[in-house]
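Asks: Predicted coordinates and the sequence they were generated for:
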Amino acid sequence: MTAAAVGDTVYVVGGFVESGATVRRVEAYDGAAGAWSVAPPLPIAANHAMSAGAGRRLVVAGGYRGPNLSNPTDRAFVFLDGRWRELPRMPETRAAGGAAVAAGRLYVVGGTVTGTGDLARTTLVYTFASGRWSTAPGLPTRREHLGVAAFGGKVYAVGGRTGGLVGNLDAAEAFDPSTGRWTARGRTEPSRRWRPTTSPTACGARFRRSRPRATGSGSPRSGRWSTSTPAARSPASPSRPRTSRSTRPACARPAIT
């Protein structure tokens, strides 16, 4: 599956169900109401698609059509005002990558281009103003199942793997649209993890990567990484009070309507 936030709503799109089938299902969590609902299904069934919020829109690109991890697609869709609309086809098929919006463009980063794990060599770029796709340089460290997020006008790619359940990477790299170049942003030591959770906290200037017993964080500006071990909560401990909307830190959204 893939997930992205649009305003206060998080959308969970496609993926596998218990039977192993690839589905079109879309579910939405309204953070303000604290409730889940079922949204209109994706026009095609896909797993390992890439998604990002763009202003009021949800964009979903690529993914495997199935069965399992096979038949990557070049199709992309935008969800707005309760309806799906198909975008022009991407320059190539793509699955198991990441996506983010920066400077008025959607960047589809990393992933695979075939069902046999051939790692992508280009970054796919969709310009909202023109409605056209183009390509940009690919990741210096090619990989899939990575975390991708935008912050400060740049696109960050963190962690990932070279394929299968091995080959986990500690690479962190940033793409600057103004120069068209990728640069290294440190290493996510002391441990390597794939599929880090970058998107929810990148707008707070921190990237977070988790595993059962440790949490790592990094600053986009410094490129430095650290690891902490969260304290176990006693069953008798009170729940943490819910943060009110008025006191939540502001999170800049792409200026796209």
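Replies: Yep, that arrived. As the structure is a computational prediction, the values presented were derived from the model and not from experiment.

Asks: the helices in the stretch 101-250 of the chain, which residues?
Replies: Listed from the start of the chain, the stretch 101-250 of the chain has helices (DSSP state H, counting those that start in this stretch) covering 199-202.

Asks: which stretches of it have low pLDDT?
Replies: 188-250 (pLDDT under 70).

Asks: which stretches of it form strands?
Replies: Chain-ordered strands for the stretch 101-250 of the chain, with DSSP state E, counting those that start in this stretch as the definition, fall at 105-109, 122-127, 132-137, 147-151, 154-158, 161-163, 166-168, 171-176, 181-187, 207-211, 214-218, 225-228.

Asks: now these in a markdown table, with mean neighbour count?
Replies: C-betas here are computed from N, CA, C, even on glycine. Supplementary listing: these in a markdown table, determined by neighbours: other CB atoms under 10 Å:
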| stretch | mean neighbour count |
| --- | --- |
| strand 105-109 | 27 |
| strand 122-127 | 21 |
| strand 132-137 | 15 |
| strand 147-151 | 26 |
| strand 154-158 | 27 |
| strand 161-163 | 17 |
| strand 166-168 | 13 |
| strand 171-176 | 21 |
| strand 181-187 | 16 |
| strand 207-211 | 19 |
| strand 214-218 | 18 |
| strand 225-228 | 14 |
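
Asks: can I get those in a markdown table with distance to residue 91?
Replies: Listed next are the strands of the stretch 101-250 of the chain as a markdown table, based on distance: least, CB to CB, whole Å:
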| stretch | distance to residue 91 |
| --- | --- |
| strand 105-109 | 10 |
| strand 122-127 | 6 |
| strand 132-137 | 5 |
| strand 147-151 | 18 |
| strand 154-158 | 17 |
| strand 161-163 | 22 |
| strand 166-168 | 26 |
| strand 171-176 | 17 |
| strand 181-187 | 18 |
| strand 207-211 | 28 |
| strand 214-218 | 31 |
| strand 225-228 | 33 |
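
Asks: Can you say which of the ones you listed is nearest to residue 50?
Replies: Smallest distance to residue 50 across these (CB to CB): 5.4 Å, for strand 105-109.

Asks: ok and that closest one relative to strand 132-137, angle-wise?
Replies: Counting by axes from the mean of the first three to the mean of the last three CA atoms, to 10 degrees, strand 105-109 lies at 50 degrees to strand 132-137.

Asks: I'd like to check what contacts strand 105-109. Which residues are they?
Replies: Under the criterion CB atoms under 8 Å, 6 or more residues apart in numbering, residues 50, 52, 54, 59, 61-62, 90, 94, 97-101, 123-128, 136, 139, 146, 148, 150, 155, 157, 175, 177 lie in contact with strand 105-109.

Asks: residues in contact with the closest residue to residue 155 other than its chain neighbours?
Replies: Setting aside the residues directly before and after it, residue 155 is nearest to residue 175 in space (CB to CB, 6 or more residues apart in numbering), at 4.4 Å. By CB under 8 Å, 6+ apart, residue 175 lies in contact with 107, 109, 123, 136, 137, 154, 155, 156, 157, 181, 182.
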